[in-house]
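**Student:** Prediction below, plus the sequence it came from.
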Amino acid sequence: MKTVLSIQSHVAFGYVGNRAAAFPLQRLGHDVIVVNTVQFSNHTGYGAWTGQVFTAEHIVDVIDGVAERGGIDACDAVLSGYMGDAALGQVIVETAARVKAANPRAVYCCDPVMGDVGRGFFVRPGIPDFMKAHAVPAADVVTPNQFELEFLTGRTVGSLADALDATAALRARGPRVVLVTSLTRAEAPADRIEMLVDTADGAWVVATPRLPLDPPPNGAGDAVAALFLAHYLKAFDAAAAVEQASAAIYAVFEETRRRGKRELQLIAAQDELVAPRTVFRAEKVR
């Protein structure tokens, strides 16, 4: 069992941010310290929501309280996602450094939530620049989607070669593992969607069927980052972690489609988070 400090958004209804990350981590045997950067009624994809973004001072206060109980010193990893505000990002990066000072083996996994293909950016001004300049270089693992990978590297990704060039450029800026959570490329079948993980030891692609989900459920990237981190912490094997993460999120998608729901069916599919019935093998591509 590892202890993960997860700092990201919270919704009362639905499964995004910490609601999509904490349960998979716990179901896979890890303890989770949850710090919420926002509290909204629901995710913003609905077009209307209530709640508020917490101030940086509030988050510092909560983290200091956790530290007083020995929680910071006990952490094996920090996971961050939707930040809500660039000032919160600075607190997160400083907290990750604080955790790593106490435990040099600790891992900072940054899900650089900023936008997506077709939607563009959906975060406040200042967050994308903060991600590029500060959060990504401080991270050990980053989990961008394809849109975020292109922004962070200033490259267009249309092929596997493009994607590998971009992930290598991103690794050169600090992270040792780059997981692209939704890769679409010209030479791949249109009915498949891929994940690509790139490390100094090699790169692997996993393809899963593209399920007809309309609208696509929010929070999948949050869940994938948590699933990948949960498995990566066990043996630091990126290829095995991406296989397990892809199989688990596919099972969640299948259950979500079967039930005709908009929100990820993490609870209904919880057994498959641990032991997915269908596993998709990773192909080494570098």
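**Tutor:** Received, thanks.
**Student:** From now on I want contacts and neighbour counts done on CA atoms only, so please keep to that.
**Tutor:** Fine.
**Student:** In this structure, which residue sits furthest out from the middle?
**Tutor:** E68 (27.6 Å; C-alpha atoms, centre = their mean).
**Student:** Would you check how far apart it and A74 are?
**Tutor:** Taking C-alpha to C-alpha, to the nearest Å as the measure, E68 falls 11 Å from A74.
**Student:** how about the strands in this structure?
**Tutor:** Along the chain, counting by DSSP state E, strands occupy 3-11, 31-40, 51-53, 77-80, 107-110, 115-116, 120-121, 141-142, 177-183, 192-199, 202-209, 283-284.
**Student:** wait, which of those is closest to F130?
**Tutor:** strand 107-110 (12.3 Å; C-alpha to C-alpha).
**Student:** Walk me through which strands the closest one pairs with, and which way each runs.
**Tutor:** Note on strand 107-110: by DSSP bridges, its sheet partners are strand 77-80 (parallel), strand 141-142 (parallel).
**Student:** Need the CA coordinates for that strand. CSV is fine.
**Tutor:** Extracted C-alpha coordinates of strand 107-110, given in CSV (Å, rounded to 0.1, in the frame of the first residue of the first chain):
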residue,chain,number,x,y,z
VAL,A,107,6.5,10.5,-7.4
TYR,A,108,4.7,13.7,-8.6
CYS,A,109,2.1,12.8,-11.2
CYS,A,110,0.7,15.8,-13.0
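**Student:** circling back to that earlier point, same list, the strands of the chain, but as JSON lines with mean pLDDT please.
**Tutor:** Formatted as JSON lines, the strands of the chain follow (pLDDT from 0 to 100):
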{"stretch": "strand 3-11", "mean pLDDT": "97"}
{"stretch": "strand 31-40", "mean pLDDT": "96"}
{"stretch": "strand 51-53", "mean pLDDT": "92"}
{"stretch": "strand 77-80", "mean pLDDT": "98"}
{"stretch": "strand 107-110", "mean pLDDT": "98"}
{"stretch": "strand 115-116", "mean pLDDT": "82"}
{"stretch": "strand 120-121", "mean pLDDT": "74"}
{"stretch": "strand 141-142", "mean pLDDT": "98"}
{"stretch": "strand 177-183", "mean pLDDT": "96"}
{"stretch": "strand 192-199", "mean pLDDT": "96"}
{"stretch": "strand 202-209", "mean pLDDT": "97"}
{"stretch": "strand 283-284", "mean pLDDT": "96"}
